[in-house]
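Sequence first, then the predicted structure:
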Amino acid sequence: LSDKLQATLSDVRARGTLTEDDINKAMREIRLALLEADVNFKVVKSFTANVKERALGADVLGQLNPGQQVVKIVSDELTSLMGGAAAGVSFSPRPPTVILMAGLQGSGKTTATAKLARHLREQNGSSVAVAACDVYRPAAVDQLVKVGAQAGATVYEQGTDRDPVDIAGWALDRAKQEGKDVLIVDTSGRLHVDERLMDELVRIRKVVRPHTILLVVDAMTGQDAVNVAEQFAQAVQFDGVVMTKLDGDARGGAALSVKAVTGKPILFASTGEKLDQFERFHPDRMAQRILGMGDVMSLIEKAESQFDEDQAKDLEKRLRKGEFTLEDFLSQLRMMRKMGPLQSLLGMIPGFAGNQLKNMKVDERELDRVQAIILSMTVEERRRPELINGSRRLRIAKGSGTSVQQVNGLVKQFGQMRKVMQQLGKGKMPDMAALMRQ
Ligand code: GDP
Ligand code: MG
């Protein structure tokens, strides 16, 4: 999807003006790309209609050329298609908050149960218990015992001999007795949606009266994931979706359609087998990822709201002349840190949005280091980084308490960034592919 969209839109982008014909052509490409990415047909139809309507009616904004505007509209609409703002689970006023996990076998329920337990402990300081109600596979109980403990949750299990509905009721009583804030109930899944699966879920639901039902779906199954979600929505209802295996899904089609088809938002994203590869789902970031590019426009937007006008004009002028310096870099770094959250900002920088970096944790200390290195340079060096030779590097490393390698790394990184800035300054979108190869 991303490649297709990028190809289409870079075509639109390259030109300054936009005709209705252009929009139609772009929409056709977007429609094809979405269908190819396994996005639900009806969703594609209404999506392209929305984008077109907005693109035709849009006033020309100051900073963006019409092509960039289409990209921005597509990105906005993708975001709202997936639910707009990120949401979380809500807590019951009378603890324990009971969360029931549902989904097909292998979708990632047990893993997500432990991940969610860990997430709630860390984010909310909640005391969490998990209940092992998948009694059909002996290994399933052992698995939850293991990952539940890793997650720092209390695991309630009674082996595999009792009825899962009874175990659920027993676990709820215990959670109450032990004053747990949250009880997450892991259930069994089957290979397909069938009556027995739904019946058992309904019975467990009756007993534990969950505050939230989360449906776990595997992003790698594409359109199937959406069909499964639709079937669950009809049979048991649920409040939100945990989308798993997003690390393996290059297309993103399932994530795009779920909200539109079921009316329920994706709340969490699982991006790997490790317990910490789990986070609140951010529709805007997913939209960026689907578009497959750093969102230069919104970086500009954010920067604009922070910059005062003159400074922005001044920078723009120098960008056009290709005069971006380490001093500018430093002041941008400082500005970015004011703007936070850094993770999302980095995702907007072209070259940072690649897959290999998507799980990257931003290390604030790393930024301190970068600042220290730049501060250890002379003004002359900041303005003309090409001056920074071996002996200067050594001096800068010593002055900033870093190593020569770290100084080298920064200088190299800056060089790449400057290239991006120069291309932007010339009104061109940077060549992402070329940048990624560096
Ligand atoms: P369940 O049958 O629904 O309980 O699914 P499990 O939690 O046992 O997960 C099934 C398999 O998928 C296991 O091998 C997990 O390690 C793996 N898995 C779960 N979530 C993810 C994820 O986000 N990414 C990847 N790559 N694998 C996952
Ligand atoms: Mg399981």
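Right, received. Where do you want to start? Numbers count the residues shown, from 1 in each chain. Ligands and ions are numbered 1, 2, ... in the order given.

For the stretch 251-400 of the chain, which residue gets nearest to ligand 1?
Using Cβ to the nearest ligand atom, the closest approach of the stretch 251-400 of the chain to ligand 1 is made by residue 270 at 3.4 Å. For the C-beta atoms, the positions are set from N, CA and C on the backbone; glycine is no exception.

Identify the residue of the stretch 201-350 of the chain closest to ligand 2, quick one.
Nearest residue of the stretch 201-350 of the chain to ligand 2, counting by Cβ to the ion: residue 216, 9.2 Å away.

quick one: secondary structure of the residue of the chain at minimum distance from ligand 2?
At 3.2 Å from ligand 2, residue 110 is the closest residue in the chain, using Cβ to the ion. Classification of residue 110 using DSSP: H, G, I helix; E, B strand; the rest coil returns helix.

quick one, what contacts it?
134, 140, 143-144, 147, 186 (Cβ atoms under 8 Å, 6 or more residues apart in numbering).

repeat for residue 237
Neighbouring residues of residue 237 by Cβ under 8 Å, 6+ apart: residue 213.

where does it fall, helix, sheet strand or coil?
Residue 237 ends up coil, using three-state DSSP.

And it, how close does it get to residue 263?
10 Å (Cβ to Cβ, to the nearest Å).

now residue 133
Residue 133 is 27 Å from residue 263, by Cβ to Cβ.

outside of stretch 144-159, which residues touch it?
110-111, 113-115, 117-118, 121, 127-132, 134-135, 141, 167, 170-171, 174-175, 178, 180, 184, 186, 275.

Now list the buried members of those.
Using 16 or more other Cβ atoms under 10 Å as the burial test, the contacts of stretch 144-159 include 110-111, 113-115, 117-118, 121, 127-132, 134-135, 141, 167, 171, 174-175, 180, 184, 186, 275 as buried.

Mind checking which of the residues you listed land in helices?
Residues of the buried ones among the contacts of stretch 144-159 located in helices (DSSP state H): 110-111, 113-115, 117-118, 121, 141, 167, 171, 174-175.

got the residues of the stretch 151-300 of the chain near ligand 1?
Proximity of the stretch 151-300 of the chain to ligand 1, by Cβ under 6 Å from any ligand atom, involves residues 189, 244-245, 247-248, 270-273.

what's the domain layout of this protein?
2-81, 97-289, 294-437 (automatic domain parsing).

TSV for those domains, including mean pLDDT?
Rendered in TSV, the data for these read as follows (pLDDT from 0 to 100):
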stretch	mean pLDDT
domain 2-81	73
domain 97-289	92
domain 294-437	68
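
Of all those domains, which one is nearest residue 87?
domain 97-289 (5.6 Å; Cβ to Cβ).

and residue 418, how many neighbours?
Residue 418 has 20 neighbours, counted by other Cβ atoms under 10 Å.

for residue 394, same thing?
Neighbours of residue 394 (other Cβ under 10 Å): 13.

How about residue 162?
Residues near residue 162, counting by other Cβ under 10 Å: 13.

circling back: inside strands: which ones of the residues of the stretch 151-300 of the chain next to ligand 1?
Of those, the ones assigned to strands by DSSP state E are 244, 270.

Can you select the buried ones among the residues of the stretch 151-300 of the chain next to ligand 1 for me in PyMOL?
In PyMOL, a selection of the buried entries from these looks like this (16+ other Cβ under 10 Å):
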select buried, resi 189+244+245+247+270+271+272
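
The closest residue to residue 375 other than its chain neighbours: what's it in contact with?
Of all residues not flanking residue 375 in the chain, residue 400 sits nearest, at 6.9 Å (Cβ to Cβ, 6 or more residues apart in numbering). When contacts are counted by Cβ under 8 Å, 6+ apart, residue 400 is found next to 369, 372-373, 375-376, 407.

Narrow the contacts of residue 110 to those in strands?
Per DSSP E, the contacts of residue 110 map to strands at residue 186.

Max pairwise distance over the contacts of residue 110: which two?
Top of the distance list for these (Cβ to Cβ): 134 and 147, 12.7 Å.

could the residues of the stretch 151-300 of the chain next to ligand 1 be laid out in JSON lines, adding distance to ligand 2?
Listed next are these as JSON lines, based on distance: Cβ to the ion, whole Å:
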{"residue": "189", "distance to ligand 2": "7"}
{"residue": "244", "distance to ligand 2": "12"}
{"residue": "245", "distance to ligand 2": "14"}
{"residue": "247", "distance to ligand 2": "19"}
{"residue": "248", "distance to ligand 2": "18"}
{"residue": "270", "distance to ligand 2": "13"}
{"residue": "271", "distance to ligand 2": "18"}
{"residue": "272", "distance to ligand 2": "17"}
{"residue": "273", "distance to ligand 2": "13"}
